[in-house]
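K.L.:
Structural data only, the sequence is not supplied:
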């Protein structure tokens, strides 16, 4: 398994966390707490944190605000990725994503299968890019958040991770918007 290459510098990035839930509050948001703690322990900056109801338009609106904010490099959500009628996080993501990161959801479910078996098929974890901002939607359980961060995101959001990582791609995420050289 690849490990951080210590000869490369660590680059802290700015991460926003959104908990999607009709029932959770800051007082009992264990998934959001676990994610925020891991982000800060890894050396990154938690620049925003919020809780939003399971409402596609409200989630989309907050995602668009964070995508437009130059201080936000990554948005990670927890919750709303299931298959019930109120689970609408992936739909909100689909409204804003410019490019999907197909491997994120696939890898999350592969790793999750090792822990919860076939129940992982109920997860619609998704990743993508919009406006130069990475977007990742994790399920709402604390265990799923730990798995998503500890087994995938902590490495891919570490500039020292080799052979490659998402941080090194950040300067190029909007290169399609630059005028062509004459």
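P.N.:
Cool, the structure landed. Computed from a prediction, not measured in an experiment: that's the story for all the values here. Residues are numbered from 1 along each chain as shown.

K.L.:
In which helix or strand does the one residue sitting closest to the centre of the chain reside?
P.N.:
Closest residue to the average C-alpha location of the chain: residue 136 at 2.5 Å, with C-alpha atoms, centre = their mean. Secondary structure from DSSP states H and E places residue 136 in strand 133-138.

K.L.:
after that strand, next one along is what?
P.N.:
Next element after strand 133-138 (DSSP H and E): helix 142-148.

K.L.:
Which other helices and strands does that next one contact?
P.N.:
Packing partners of helix 142-148 (3 or more C-beta pairs under 8 Å, 6 or more residues apart in numbering; DSSP states H and E): helix 30-41, strand 74-78, helix 102-116, strand 133-138. C-betas here are computed from N, CA, C, even on glycine.

K.L.:
could you redo the last one with a cut-off of 6 Å?
P.N.:
Under the contact definition 3 or more C-beta pairs under 6 Å, 6 or more residues apart in numbering; DSSP states H and E, helix 142-148 sits against helix 30-41, strand 133-138.

K.L.:
Most tightly packed of the ones you listed?
P.N.:
strand 133-138 (a mean of 27; mean count of other C-beta atoms under 10 Å).

K.L.:
and the angle from it to helix 30-41?
P.N.:
Angle, strand 133-138 to helix 30-41, by axes from the mean of the first three to the mean of the last three C-alpha atoms, to 10 degrees: 140 degrees.

K.L.:
Quick check: mean pLDDT of strand 133-138?
P.N.:
Mean per-residue pLDDT for strand 133-138: 98.

K.L.:
Just the angle for that strand relative to strand 74-78, thanks.
P.N.:
Using the same axes, to 10 degrees: strand 133-138 against strand 74-78 is 10 degrees.

K.L.:
can you offset everything so residue one is 27?
P.N.:
Happy to do that; since the first residue is 27 now, the last one works out to strand 159-164.
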